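Novice: Sequence and predicted model, in that order:
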Amino acid sequence: MTLDTAVSESMARLIEDQYDLEITEPPSYVTAAHQRRHRKLVVGTDRGRFLIKTYKRDLVVLDSLRFQHRLSEHLDKNGLPLARILPALNGKRIVEQEDWAIELQEFVAGGPMQMTHKTLATSARALGTFHKVCRDFPCPDRDARKWRFSEVPRDLFGHLYNLAKAEGDHKEMDDACNGIALFLRDAGQELDTHSRNRFETGLIHGDWHGGNLMFDGEELTAVIDLEFAGDGCYLEDLAYALSNLCMRTTTENDRLELRANIILDNYQFSRSLSPWEERALYYAIGVKHIATVSYQSVQMGTGVAGLSASEWMRRLLLQSRWLARRAQKIRWG
């Protein structure tokens, strides 16, 4: 995607006028970034490079953005690396035009997280710190007991199952589906409304995965994308982190065990899990993991993360069995 010359020049003039910066590199789209919810551009100036993010000038959107700015400032003060927002000449961090608005964000060196022992430990400590320092931080109203991952939507999982059957052995896929369904039945019992009322709630990130953790080598340079931050169960963030960073790329028991232990040990430097959270954790991970793969199968068809639907069904069966064993070990000792 290329930026129209007239738009680029107009954006450059706006930045020079509103921020008193001298443009050294015209605005251009960040090619590796998603451009779904808002446009992301990079611009070079006499004070370094900045990320330009554009938004619809909508009251709800801009109120959410102002909350993200307050949260970002709070996290920065408490030692978590963030991409700082540059205030305009009028002191505001959002520049509003007729029907759109922009923010200028410090351009952070690095890329998405690569999986190593150190980065896993760092990401887990960062999440624990996030939950600890934001425990009493005012956040947007939403149902704190709304558990987004208590069950996998049947239509999404059914789509993945049908794709898998179309690729190969029906009996094998039926057996895999039944095995996964048994895990999800047990998960539903552990994550019912009564159980969820026992989980601790507070401000969560809402989208904690490797793509939202910027690393320069093994050094965490920024936690990004606070768009989904709000009131929720801490277990929700932790389950998402383990789903993405522990489960996504392996079915090997030893590797799953090692990754899970690294994340949980380092997360609990800042916040210990309650007995209820420990008991429910592995079911929550599984529900989130299966739901994510099923959703992406609808978005992408076959080829989610380089694997076919039948390969994912085999992988999900093995992973759900490992999760069930971990959950039962905590429950029964």
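Specialist: That came through fine. Numbers count the residues shown, from 1 in each chain.
Novice: where does the stretch 1-150 of the chain have low pLDDT?
Specialist: 1-4, 32-37, 142-149 (pLDDT under 70).
Novice: Going along the chain, name the strands of it.
Specialist: With DSSP state E, counting those that start in this stretch, the ranges of strands along the stretch 1-150 of the chain come out as 23-29, 40-45, 48-56, 95-96, 100-106, 111-112.
Novice: which one is Gly286 nearest to, not counting chain neighbours?
Specialist: Leu323 (4.5 Å; Cβ to Cβ, 6 or more residues apart in numbering). In short, each C-beta sits where N, CA and C put it, glycine included.
Novice: Report the buried residues of the helix or strand where the one you found lies.
Specialist: Secondary structure from DSSP states H and E places Leu323 in helix 309-332. The neighbour-count check on helix 309-332 (16 or more other Cβ atoms under 10 Å) flags 309-324, 326-327 as buried.
Novice: Next: stretch 224-234.
Specialist: Those would be 224-227, 229-234, for stretch 224-234 by 16+ other Cβ under 10 Å.
Novice: got it, and stretch 74-90?
Specialist: Within stretch 74-90, the residues that count as buried by 16+ other Cβ under 10 Å are 74-75, 80-86, 88.
Novice: Let me know the closest of these to Leu127.
Specialist: Nearest to Leu127, judged by Cβ to Cβ, of those is Leu80 at 9.8 Å.
Novice: Quick check: closest non-adjacent residue to the most centrally placed residue in the chain.
Specialist: When Cα atoms, centre = their mean is applied to the chain, the residue found nearest the centroid is Asp207 (2.3 Å). In space, and not counting its chain neighbours, Asp207 is closest to Phe228: 4.6 Å by Cβ to Cβ, 6+ apart.
Novice: picking that back up, pLDDT of the helix holding Leu323, averaged?
Specialist: On average, the pLDDT along helix 309-332 is 93.
Novice: how about the strands of the stretch 1-150 of the chain in JSON lines, adding mean neighbour count and distance to Phe130?
Specialist: Compiled in JSON lines, the strands of the stretch 1-150 of the chain are given as follows (neighbours: other Cβ atoms under 10 Å; distance: least, Cβ to Cβ, whole Å):
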{"stretch": "strand 23-29", "mean neighbour count": "15", "distance to Phe130": "30"}
{"stretch": "strand 40-45", "mean neighbour count": "19", "distance to Phe130": "23"}
{"stretch": "strand 48-56", "mean neighbour count": "17", "distance to Phe130": "21"}
{"stretch": "strand 95-96", "mean neighbour count": "16", "distance to Phe130": "28"}
{"stretch": "strand 100-106", "mean neighbour count": "19", "distance to Phe130": "19"}
{"stretch": "strand 111-112", "mean neighbour count": "13", "distance to Phe130": "18"}
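Novice: Next, format the ones you listed as TSV and append distance to Tyr161.
Specialist: TSV is the format used below for the strands of the stretch 1-150 of the chain (distance: least, Cβ to Cβ, whole Å):
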stretch	distance to Tyr161
strand 23-29	38
strand 40-45	36
strand 48-56	38
strand 95-96	48
strand 100-106	41
strand 111-112	30
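Novice: in terms of contact, does Leu195 touch Pro275 like I think?
Specialist: Not Leu; residue 195 is Ser. No. Here Ser195 lies out of contact with Pro275, judged by Cβ atoms under 8 Å, at a distance of 11.6 Å.
Novice: more neighbours, these two?
Specialist: Of the pair Ser195 and Pro275, Ser195 is the one with more neighbours under other Cβ atoms under 10 Å, namely 17 against 9.
Novice: Now for the more buried one: which residues touch it?
Specialist: Each residue near Ser195 by Cβ atoms under 8 Å, 6 or more residues apart in numbering is listed here: 276, 280.
Novice: Mind doing that once more with 10 Å?
Specialist: By Cβ atoms under 10 Å, 6 or more residues apart in numbering, Ser195 lies in contact with 147, 150, 189, 276-277, 279-280, 283.
Novice: and what of Cys246?
Specialist: Taking Cβ under 10 Å, 6+ apart, one finds 115, 120, 255-264, 285, 289, 319 in contact with Cys246.
Novice: So it: helix, strand or coil?
Specialist: Following DSSP: H, G, I helix; E, B strand; the rest coil, the label given to Cys246 is helix.
Novice: Relative to Thr116, how far out is it?
Specialist: Distance, Cys246 to Thr116, using Cβ to Cβ, to the nearest Å: 13 Å.
Novice: what does Leu156 give?
Specialist: 32 Å.
Novice: isn't there a strand covering the residue nearest to the centre of the chain?
Specialist: No. Looking at Asp207 with three-state DSSP, it is coil, so not inside a strand.
Novice: That one reaches Ser243, doesn't it?
Specialist: No. In this structure, Asp207 is not within contact of Ser243 by Cβ atoms under 10 Å, at 11.9 Å.
Novice: before we move on, the earlier item: quick check: the farthest pair among the contacts of Ser195?
Specialist: The most widely separated members of these, counting by Cβ to Cβ, are Gln189 and Glu277 (15.9 Å).
Novice: Between those two, point out the one with more neighbours.
Specialist: Shown here are Gln189 and Glu277; by other Cβ under 10 Å, Glu277 has more neighbours (20 against 9).
Novice: how far does stretch 44-59 sit from the chain's center?
Specialist: The chain centre lies 22 Å from the centre of stretch 44-59; the measure is Cα atoms, centre = their mean, to the nearest Å.
Novice: Many thanks, we can stop here.
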